[in-house]
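Asker: I'd like to go over a predicted model; first the sequence, then the structure.
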Amino acid sequence: HIHYVSPAGNPVYPYLSWATAARDIQSAIDAALPGHTVRVTNGTYSTGGLAIYGAMLNRIAITNAVTVESVNGPSSTVITGQAEPPTRCAYVGNGALLAGFTLSGGSTRSDGDETHERCGGGGWGEASAVVSNCVISGGFAASAGGGAKGGLLVDCLLSGNHAGAAGGGAFSATLWNCRVLNNAADRVGGGGTMG
């Protein structure tokens with residue numbers, strides 16, 4: 001099954017065509033079962049927030065083993081976080097794939113659980129999560145992983161992210177064929193650290 005997302009959609013659950021597309025990504029994710037795909041067309045997606053751990057909000061949270069992919073890549077499809085209330089762009093669960101987005105301006109909480117609520121401003125990935133062909137920029141983490149924490153990043157650009165402690169670009173993540181540019185950390189690993 002493919003579930004569709006478009007800012008111009010006329011939403012009808014479970015969003016199985018462009019005509020009945022969800023207007024926000026999370027609604028389509030919630031309708032998808034493991035093995036399904038969520039296909040997202042051009043736009044900036046900047047509403048909603050779902051907590052997986054503690055009070056840390058995620059603009060989108062992929063909790064099933066589903067693929068969430070954009071139609072035209074990161075230059076056309078943006079998921080934005082925010083500083084207040086702190087909202088990271090994406091939580092990517094085990095077995096899930098997030099492909100072809102810009103994750104911009106995500107931020108963590110400054111208190112709460114260090115690993116789950118203060119790491120991974122742009123994205124937070126479980127052990128078998130995959131983020132592919134994404135631009136992760138302008139993220140902030142109070143502790144580690146201003147751009148991303150955890151998971152596998154493939155063909156991504158991490159740029160202009162900041163961490164209060166370690167791993168400005170990425171922390172405790174595996175990077176394949178990624179570019180890491182102009183990130184900063186207050187203590188160690190401006191580009192990234194292994195954790």
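Answerer: Structure's in. What do you need? Residues are numbered from 1 along each chain as shown.

Asker: Please state the offset of the top helix by length along the chain from the chain centre?
Answerer: For the chain, the longest helix by residue count, based on DSSP state H, is helix 25-31. If you compare the mean C-alpha spot of helix 25-31 with that of the full chain, they lie 14 Å apart, counting by Cα atoms, centre = their mean, to the nearest Å.

Asker: quick one: average pLDDT of that helix?
Answerer: Confidence over helix 25-31, taken as the mean pLDDT, stands at 98.

Asker: Show me what secondary structure element comes after that helix.
Answerer: Scanning forward in sequence from helix 25-31 by DSSP states H and E, the next helix or strand is strand 37-40.

Asker: Listing partners with orientation, what would you give for that following strand?
Answerer: Taking DSSP bridges as the criterion, strand 37-40 forms sheet pairs with strand 2-5 (parallel), strand 67-70 (parallel).

Asker: Please list the residues outside the helix or strand just after that strand that contact it.
Answerer: In the C-terminal direction, the helix or strand that comes right after strand 37-40 (DSSP H and E) is strand 43-45. Residues outside strand 43-45 that contact it (Cβ atoms under 8 Å, 6 or more residues apart in numbering) are 5-7, 24-25, 59-60, 76-80. Where you see a C-beta, it was placed from the backbone N, CA and C, and this is true even at glycine.

Asker: which helices and strands does the worst-scoring helix or strand of the chain on mean pLDDT pack with?
Answerer: With mean pLDDT, DSSP states H and E as the measure, the helix or strand of the chain carrying the lowest mean pLDDT is strand 192-193 (a mean of 87). Using 3 or more Cβ pairs under 8 Å, 6 or more residues apart in numbering; DSSP states H and E as the contact definition, the elements that strand 192-193 packs against are strand 170-171.

Asker: neighbouring strands for the strand it packs on, and are they parallel or not?
Answerer: Strand 170-171 has these partner strands in its sheet, going by DSSP bridges: strand 148-149 (parallel), strand 192-193 (parallel).

Asker: now the last one, how far from the centre of its chain.
Answerer: By that I understand strand 192-193. Relative to where its chain is centred, strand 192-193 has its mean C-alpha point 18 Å off (Cα atoms, centre = their mean).

Asker: ditto for the first one
Answerer: With Cα atoms, centre = their mean as the basis, strand 148-149 stands 9 Å off its chain's centre.

Asker: The helix or strand following it pairs with which strands, and in what direction?
Answerer: The first helix or strand that comes after strand 148-149 along the chain, using DSSP H and E, is strand 152-154. Strand 152-154 has the following sheet partners, assigned by DSSP bridges: strand 130-132 (parallel), strand 174-176 (parallel).

Asker: Mean neighbour count for the ones you listed - can I get that in a markdown table?
Answerer: What follows is these, written out as a markdown table (neighbours: other Cβ atoms under 10 Å):
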| stretch | mean neighbour count |
| --- | --- |
| strand 130-132 | 21 |
| strand 174-176 | 15 |
